Structure formats: structure tokens, C-alpha cells
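Visitor: sharing a model prediction with you, sequence too.
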2 protein chains.
Amino acid sequence: MDNRTNKILSFLQEIEKYKTIEREVWCSNLDRAESDAEHSWHIAMFLLLFEKELPENLDSKRMLKIALMHDLVEIYAGDTFAFDKKKRATKKQRESKSAKKLFSQLPKDLNKEFSDLFEEYEEAKTSEAKIIKSFDKIQPILQNICSNGKSWKKHSITFSDIDEYKRKHMEHNDFILKIYEKLLNDAKKKSLI
Amino acid sequence: MDNRTNKILSFLQEIEKYKTIEREVWCSNLDRAESDAEHSWHIAMFLLLFEKELPENLDSKRMLKIALMHDLVEIYAGDTFAFDKKKRATKKQRESKSAKKLFSQLPKDLNKEFSDLFEEYEEAKTSEAKIIKSFDKIQPILQNICSNGKSWKKHSITFSDIDEYKRKHMEHNDFILKIYEKLLNDAKKKSLI
């Protein structure tokens, strides 16, 4: 077996740990937390299902790639809860270190590709990255609706807490802003926040 | 909010259940079973990482779509363990019924797209579907390696059981056959089977 294939197979085993990184939100059966892998899968499904509503001139394959890998660095850096200000202060530094450690396990070309995709997501300057960043913030609202707002209740999260943190990530796209407001209002109507 | 967007948002809530469908294989922390959503995410990562090794003339976006949605019907039909002959006998019928129930919740165009993608995967006549079918059979080998063969040991699965069931799905592509054999031999060397 050549070195390249071996490296990729080892990497596929290493990133299996993505399934063991727990997020601060529950699955609908309320048995356990949602994993990073499940969160990423769900965002990719937003992309597939809203394909016709998103701008036509985007690189949809690159968007899928970013959706699937955007939190991989948490394998070493851990999940940082959006409303944990203390942990958020060190997030960038921890994740940057983790990115180097993780992606350097790949063959050179893939190391570059994954490092670039992660940087693109973090900087959120491209339209593609902005859309994933929006869905990354919308998906936990939908997930909380699916799990009776268990996480919001546990952490006493209010409508304003969410809106203050998330709305700014929606304003680049009218359609995305519309579904964000719809879900947040649904959560309010159901008294989950 | 228009009817189309409402339908898609409801569907995104319905398929959240994909995270609650447990497969007959463990996560590496041995805490719990892998979910369908995690399995699908992992197959999509095989596609991203082996992009250069796969034939160039394929529709890589359609492959990603099939990878992400290929087991969605299990939301109603449940997971069917590959080595459970009794449940396998009714699999096709149960899943076909589930596909109708699930995808008909989507707007007409997406209902057709998802039904077609599922049929393409099931029939496995296109090169794209054959590749996902292969990775669908390879990923659990890698997952068992990550979880110390716990599922194989529980069900007394042997090397021959696996090879008899899975090898035929690899023979369409030399590279895929090579990684399949490598992982299966790794599992044997580690005495997991």
C-alpha cells in the first residue's frame, strides 16, 4: 500500500473521533448530546435541500466540503459552547494549533486543501463560507426545537442572547435571514426560549 | 413564510431522527453505537479524501448527495444489520414504503430528486452509486477497527462472513478493492476478526 493511501486511511480513523465530540445540544430522543459529525451532516442537508434558494453562482461542492469539515479541529480543541465567554476567548488560538496538528497528518495537497478550507470558514469572507457560518448558527436552533429546548433551558438562554449573537451572521442573505427569524419565532411560540 | 420553505424546514426537523438511528457498530469511545448520520458523514469524508483516487468522469456532487442521504429511509424502516438474514429478507419492502412516506413530505421537485437518488443507490447500476455502495461496506470495517472490533466480537463475525458479503461490492474498482483488502487485513492482524 502506498504512503499516500496509508496516510488517508489513518486520517479517516483519526477523524472518527468527530463522533465523540459532544455539543451543547441534545438529540431528539433526549438520550445524549448531538455529536460534531451529526451537526456537520445536518448542515450539509440544509445545503442540499435549500440548493434552489441559495445564490446560483456559488461553488456548491466547496460549500459541502466546508460544511462537512468545519469543526474537525474540535477533535483536539474540544467544542466551544457559543454562550461560554471564557472558553470563547481562547477558541481561535486552540483551534489554530489543532488545525496544524490534525491536517499535517494528511498528504501535502490535502493538508493544504483542508487548511485552506478551514481558514476560509474562519475568516468568512467568501459567500460560500458566510452561508455555512449562517447554517452553523441556524442548525442549533432547529436542533433545540427538536429537543424541547433542553440546552437553552439548562443554560438559561434567552431570545435576546441568541439574537444578539446570531443575527449578524444572517444579514448577508435575505432568504437565510427569513428562515432564521422563522425558526427563532417558532421556538418562542413553543415557549422554548 | 411560503409553503415550500415551510415544507423543507419541517423535513429538516423530521430527518433529525437520523441521529437517533443506531447502527450495529460502536463509536471509538465505546460509549454508544454509531448513528446513521455519523455513518453518512464518514462516507462523505471518504469521498472528499479519496477524490484524486476515484475516476475523474464522475458526478462528485451527486456522489456526496447519495452518501449523505442513502440510509434516510431507516428513519421509519430502522437499521438492518448486514449479518441479520431474517431482517434482510424484508429490507427492500420496508425501505421502499419508508422512502414514499419520507420523501413525499418534500416539495415535488425534491421528492423526485431524493426518490431518484435513493433508487439509484439501491439499484447500484451507475458508477457513482457503486462507489457509495463500496464505501458503505468499507466504512464499518474502519469503524470496527476504531472500536476494537466490539460489534464483530458480539456477533461472532468472522473474516469469511465479511469477505463473502462484501468483496463483490469492491470488484468494480481496483483502488477500492485495494483499500478494502488493506483494512480487512489490518483487522485480522489486530485479531479483531
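Guide: Sure thing, it's come through. Numbering: from 1, shown residues only, chains lettered A, B, ... in the order given.

Visitor: number of residues surrounding the closest residue to residue A:46 other than its chain neighbours?
Guide: Excluding the flanking residues, the one nearest residue A:46 by CB to CB, 6 or more residues apart in numbering or on different chains is residue A:135, at 4.6 Å. For the C-beta atoms, the positions are set from N, CA and C on the backbone; glycine is no exception. Neighbour count for residue A:135, taken as other CB atoms under 10 Å in any protein chain shown: 24.

Visitor: how about residue A:33, nearest residue that isn't a chain neighbour?
Guide: Residue A:33 sits nearest to residue A:22 (CB to CB, 6+ apart), 3.8 Å away.

Visitor: kindly apply the preceding question to residue A:183 instead.
Guide: In space, residue A:183 is closest to residue A:141, 4.7 Å off (CB to CB, 6+ apart).

Visitor: residue A:155 too?
Guide: Among residues not flanking residue A:155 along the chain, residue A:83 sits closest, at 6.1 Å (CB to CB, 6+ apart).

Visitor: coming back round to it: quick one: the residue nearest to residue A:46 from residue B:34, how far?
Guide: Between residue A:135 and residue B:34 the computed distance is 23 Å (CB to CB, to the nearest Å).

Visitor: what about the strands in chain A?
Guide: Here chain A has its strands, by DSSP state E, at A:22-26, A:33-35.

Visitor: tell me which of those sits most buried.
Guide: Stretch with highest mean neighbour count among the strands of chain A: strand A:33-35 (a mean of 23; mean count of other CB atoms under 10 Å in any protein chain shown).

Visitor: so what's residue A:54 up against?
Guide: Contacts for residue A:54 were tallied using CB atoms under 8 Å, 6 or more residues apart in numbering or on different chains; they are A:47, A:60, A:131, A:173, A:175.

Visitor: need phi/psi at it.
Guide: Main-chain torsions, residue A:54, degrees, to the nearest 10: phi -90, psi 160.

Visitor: for the closest residue to residue A:16 other than its chain neighbours, give me the pLDDT.
Guide: Leaving aside its sequence neighbours, residue A:16 sits nearest to residue B:146 (CB to CB, 6+ apart; 4.5 Å). What the model reports for residue B:146 is a pLDDT of 98.

Visitor: same check, this time on residue A:149
Guide: 98.

Visitor: hmm, it is touching residue A:192, no?
Guide: Yes - counting by CB atoms under 8 Å, residue A:192 is a contact partner of residue A:149 at 3.0 Å.

Visitor: ok, and the closest non-adjacent residue to residue A:118?
Guide: The spatially closest residue to residue A:118, leaving aside those adjacent along the chain, is residue A:99, at 5.3 Å (CB to CB, 6+ apart).

Visitor: does that neighbour really touch residue A:75, like I thought?
Guide: No - counting by CB under 8 Å, residue A:99 sits too far from residue A:75 to count as a contact (10.1 Å).

Visitor: measure how buried residue A:153 is and give me the count.
Guide: Residue A:153 has 12 nearby residues by other CB under 10 Å.

Visitor: quick check: the gap between it and residue A:88.
Guide: Relative to residue A:88, residue A:153 is positioned 21 Å away (CB to CB).
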